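# everything below, folded, please.
(2 chains)
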There are 2 protein chains.
Amino acid sequence: MAKTRKQPRPRAETPKGFRDYFGADVGQRADMLGRIAGVYHRYGFEALESSAVETVEALGKFLPDVDRPNEGVFAWQEEDGGWLALRYDLTAPLARVYAQHRNELPTPYRRFAMGPVWRNEKPGPGRYRQFYQCDADTVGSASMAADAEICAMLADTLEAVGIPRGDYLIRVNNRKVLNGVLEVAGVLNPSDPEEFARERGIVLRAIDKLDRLGANGVRLLLGEGRKDDSGDFTEGARLSGAQIETIMKFVNAKDAVARQFATEAVELDRDDPIGAVSALASSTAAESGSWEYLRPRSAEMGRWNKAVVVHLRDLVHNSTIGAEGVDELEQIATLLDAQGYGPDRIVIDPSVVRGLGYYTGPVYEAELTFEILDDKGRKRQFGSVAGGGRYDDLVKRFTGQAVPATGVSIGVDRLLAALREKGRTGTAERGPVVVTVMDRDRMADYQAMVAELRNAGIRAEVYLGNPKNFGNQLKYADRRGSPAAVIEGADEKARGVVQVKDLVLGARIAENATLEEWKERPSQVEVPRGDLVETLQEMLASQDQA
Amino acid sequence: MAKTRKQPRPRAETPKGFRDYFGADVGQRADMLGRIAGVYHRYGFEALESSAVETVEALGKFLPDVDRPNEGVFAWQEEDGGWLALRYDLTAPLARVYAQHRNELPTPYRRFAMGPVWRNEKPGPGRYRQFYQCDADTVGSASMAADAEICAMLADTLEAVGIPRGDYLIRVNNRKVLNGVLEVAGVLNPSDPEEFARERGIVLRAIDKLDRLGANGVRLLLGEGRKDDSGDFTEGARLSGAQIETIMKFVNAKDAVARQFATEAVELDRDDPIGAVSALASSTAAESGSWEYLRPRSAEMGRWNKAVVVHLRDLVHNSTIGAEGVDELEQIATLLDAQGYGPDRIVIDPSVVRGLGYYTGPVYEAELTFEILDDKGRKRQFGSVAGGGRYDDLVKRFTGQAVPATGVSIGVDRLLAALREKGRTGTAERGPVVVTVMDRDRMADYQAMVAELRNAGIRAEVYLGNPKNFGNQLKYADRRGSPAAVIEGADEKARGVVQVKDLVLGARIAENATLEEWKERPSQVEVPRGDLVETLQEMLASQDQA
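Below is the predicted model of the structure:
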């Protein structure tokens, strides 16, 4: 009865939520990461590549969303009973590495890291369970100069990979200011840390939705709750009207400054009435939450960030922690100003909150401000590609001693997508020149020919499939995106010549001509065998120019 | 009673068998992989980065050692009941990717991949559970030209990363020849595939130990068994004396050819009697298994590999599969010869077996032949850094149709270790210029100064630790390997100058002078603030020359 059944064939599938990268995608990412590493290195940061695997204890419970339990990682049990897991970011491993090697590492320790991280989350569209991060952190410095430096480096990095100035904006805020505002509003009681953290979480998440829901949406979430377009209802924080307005003043601080600047402009800028009026008009767009309309003009650069700081100081005047946060923001603004990073690149913006629970001071975010079309064909800003902040407690988990640290993480896939949007990843990669096989017994000759091309720096290969059908060889060259094919049959060999087919020109002619005409065109040339390298070099150069 | 106990602090430790890479180690590997990718790309190979995670079914049971069960991977169960695992090499994922995308990918598909792989093995000295591989494979070509091409590319790759010609050797064999020899010797019965595979495994493992145990050790393992120095006994294959000699003739084929060449040389090379005699003498070193002594001299290049082929053909004349294997080796030898890869770089060597069960035809291995000292101070050859071969059945697991494939895997860590041995990874990485903080209120000035240096392409940073103790700042610069420190106190600021300290020169002077003398030396110069960039550029250039 029991007959051995044949093992079913495994399915050839990428596991759900994972993906493979092919060809140019790999090269473009490597190129981008190389540029980023160049900037980080110039800033004095050292490379670190930590193990992809950590003990579950070392990773701790620091997954981005405070509500989420430790389950968000891929973990397995060892024979000795211990649990190991794949890292879910590059910050937790940094804390472990610094705690482990603190006696040998320099302090402050500036390090950068790039590599995949893994999240055991439900996969969805555009939501993967393995993705790249690229981080830079300074461990062991409490100075705001460390935060300012990372913001400046982030601006330099974006420009180095090909995001032009004006197409990005780095927004800086401070968690202490937010805590101060909540204190002033009488929302929270800092004496009960657990309750404080929970309530602050609700408020943070509401503010974090400003871009998407606008100021009124945030107001609803801080108050009675909000019903979305689909009819679903989200519970609100049930703050009083006065409390909500205090928080909203904080969130909208930069809009208030924009209005103030615009009014001044109308009064003072007799020379530029149009610019002044348009600035004033745009100030009414403040509710949209779109900074594009509120960007200071170059004349206002030096004053802008400081005006925001003054405005914030006013809002938190009764809170010690709040005042401390404002002082820190002022230091950062001053340092950046001294280095020439104006608010056209780095701006103090109290609407930035960042999701992670562990931030303790400055937080920052890099946003790309150019517009793209979303799935439904509507224009929207590209949005955030990097974020970070100060986290003074991560190393303490291991050592018991607080070690101040601050750092940024770049979302590699998103930044690469942005570069593609902007056409900054170069043209499609060129395939190899294909040397066709006309006579399978002369493979050694073809291999020698291709070796000659490679030695001259030309990407080239012999066709290695079944050579019987010549059409298949040309189809293969087409699929590879080959710029040219080389043909040397018995006749050519006897006459000491080769045929060189320009496949790029051939394709262009084929689009605009009948097959008969095409055969007449000089997209294929016959040259002496000795001129092969030179002929191809010229052909590739002319393709580059076309 | 039940009082909440405080959670113990996690240990800051890399998990057992894993490791972290710091600074220059990361950069040197990236540099090496970049060079390798350059060669692969020029050969027409496309990059592929597949997911690090695969389904356990897709990975299959192809771990290197035939005896080992599927346990060698890190695996975990998904909520839906399926099992996922970390890839243990880059070949199994390639088979999955090709089977999944075979309709869109070109055929033949040449691809390269580089990245970490994971093995759930007992860690030991130099034995890690995560390490890098760097592979190149051609899928969909049955032509020996594909195998020859990969051997040639491997030679080019080793030279491109900095292994000079003469310091490496690529050894090529063919599994079919080995099967033929076993058939001729009457050892195995191909009609019982399972028993065939098991017995062949024993013989393969014995031959694989030739380098370590020498010919006599292998003879013992093929026969009655072998007692090692510690007294431990390894079971033998219990072959008859005649059977063992047939196998050993095969294994030592290149030694026989070496003797033949040496004898001819004595008879013919009247002009070079010394070379001839030394070649003859070295032929008696054949038992040592060391190819170094048996390398053909340049005059013999063209004939060498063909002579080995002739010798092998004689050994397997009665076996169909064996003759097929010899034909394949001959094709490879002919193709390589035509491209100028002589046996000083790529040699037919029947003693190469490669451990993996899945190889079906040619197998190849790259060995570094220069000597290093082992742990006990004894000289030995550096040994293998890459290996591969033809495996025609891996894609079939998924699709049911055999797809011929051949490829090589480079052991990245071992190759990098070899480059370090040869001093080919460049000098120790230079740290950043450190701008010291003399006045903490002037941090903005120091930041602006460091921005100026970076913009001039100089790696530089401000000291971000507590600036109170100036000695700590210089200690930090020392630990970073900084080439220079910049000092601008209140006095310098007032006079419009800066102090620039040459830390490399300083260290050199300090080694040879008393502290008093050192203070007199011009390792520290005072220059106008405006000359800072130029001064540093000159200082760094002079350090490069020293």
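
# which residues of the stretch 301-450 of chain A score low on pLDDT?
A:301-302, A:355-357, A:426-428 (pLDDT under 70).

# can you pull the buried residues of stretch A:194-204?
By 16 or more other Cβ atoms under 10 Å in any protein chain shown, the buried positions in stretch A:194-204 come out as A:196, A:199-204. For the C-beta atoms, the positions are set from N, CA and C on the backbone; glycine is no exception.

# next: stretch A:363-383.
For stretch A:363-383, a neighbour-count test (16+ other Cβ under 10 Å) marks A:363-369, A:381-382 as buried.

# what residues does the stretch 201-350 of chain A have near chain B?
By the rule Cβ under 8 Å from any Cβ of the partner chain, the part of the stretch 201-350 of chain A lying against chain B is A:334-335, A:337-340.

# now rank these by neighbours and give me the top one.
A:Leu335 (25 neighbours; other Cβ atoms under 10 Å in any protein chain shown).

# in three-state terms, label that one for me.
helix (DSSP: H, G, I helix; E, B strand; the rest coil).

# SS state for the residue lying closest to it once chain neighbours are set aside?
Sequence neighbours aside, A:Ala148 is the residue nearest to A:Leu335 in space, at 3.9 Å (criterion: Cβ to Cβ, 6 or more residues apart in numbering or on different chains). Following three-state DSSP, A:Ala148 is assigned to helix.

# contacting residues for A:Arg239?
You called it Arg, but residue A:239 is Leu. A:185, A:187, A:222-223, A:247 (Cβ atoms under 8 Å, 6 or more residues apart in numbering or on different chains).

# so it, which of the three states?
Per three-state DSSP, A:Leu239 ends up coil.

# and what of A:Val309?
When the rule is three-state DSSP, A:Val309 gets the label helix.

# what does the one 5 residues further on give?
With three-state DSSP as the basis, the three-state label of A:Asp314 is helix.

# what's the burial count for it?
Neighbours around A:Asp314, by other Cβ under 10 Å: 12.

# state the distance from it to A:Ser240.
21 Å (Cβ to Cβ, to the nearest Å).

# what do you get for A:Asp491?
Taken as Cβ to Cβ, the span from A:Asp491 to A:Ser240 is 93 Å.

# okay, and the helix or strand of chain A with the least pLDDT?
Least confident helix or strand, chain A: helix A:273-283 with a mean of 48, by mean pLDDT, DSSP states H and E.

# alpha carbons of the host helix or strand of A:Ala477, as PDB, please.
Using DSSP states H and E, A:Ala477 sits in helix A:470-479. The C-alpha trace of helix A:470-479 is given here as PDB (Å, rounded to 0.1, in the frame of the first residue of the first chain):
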ATOM      1  CA  PHE A 470      21.700  32.700 -35.400                       C
ATOM      2  CA  GLY A 471      18.500  34.600 -34.800                       C
ATOM      3  CA  ASN A 472      18.500  33.400 -31.200                       C
ATOM      4  CA  GLN A 473      22.000  34.900 -30.800                       C
ATOM      5  CA  LEU A 474      20.800  38.300 -31.900                       C
ATOM      6  CA  LYS A 475      17.700  38.000 -29.800                       C
ATOM      7  CA  TYR A 476      20.000  37.300 -26.800                       C
ATOM      8  CA  ALA A 477      22.100  40.400 -27.600                       C
ATOM      9  CA  ASP A 478      18.900  42.400 -27.800                       C
ATOM     10  CA  ARG A 479      17.800  41.200 -24.300                       C
END
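
# for that helix, name the packing helices and strands.
Applying 3 or more Cβ pairs under 8 Å, 6 or more residues apart in numbering or on different chains; DSSP states H and E, one finds that helix A:470-479 contacts strand A:433-435, strand A:484-487, helix A:503-512.

# which stretches of the stretch 251-400 of chain A form strands?
A:346-348, A:362-373, A:379-390 (DSSP state E, counting those that start in this stretch).

# who are the packing partners of the shortest one?
If I follow you right, that is strand A:346-348. Contacts defined by 3+ Cβ pairs under 8 Å, 6+ apart place strand A:346-348 against helix A:144-161, strand A:168-174, helix A:301-315, helix A:320-338.

# circling back to that earlier point, wait, the residue nearest to A:Leu335 sits on B:Val450?
No. Using Cβ atoms under 8 Å, A:Ala148 is not in contact with B:Val450, being 11.4 Å away.

# for A:Met114, list each beta-bridge partner.
Beta bridges link A:Met114 to A:Cys134, judged by DSSP bridges.

# where do the strands sit along the stretch 51-200 of chain A?
Using DSSP E, counting those that start in this stretch, the strands of the stretch 51-200 of chain A run over A:53-55, A:75-77, A:83-86, A:109-118, A:130-139, A:168-174.

# so can I have JSON lines of these showing mean neighbour count and mean pLDDT?
Formatted as JSON lines, those follow (neighbours: other Cβ atoms under 10 Å in any protein chain shown; pLDDT from 0 to 100):
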{"stretch": "strand A:53-55", "mean neighbour count": "24", "mean pLDDT": "95"}
{"stretch": "strand A:75-77", "mean neighbour count": "16", "mean pLDDT": "88"}
{"stretch": "strand A:83-86", "mean neighbour count": "22", "mean pLDDT": "92"}
{"stretch": "strand A:109-118", "mean neighbour count": "23", "mean pLDDT": "96"}
{"stretch": "strand A:130-139", "mean neighbour count": "23", "mean pLDDT": "96"}
{"stretch": "strand A:168-174", "mean neighbour count": "25", "mean pLDDT": "94"}
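
# understood, closing this out.
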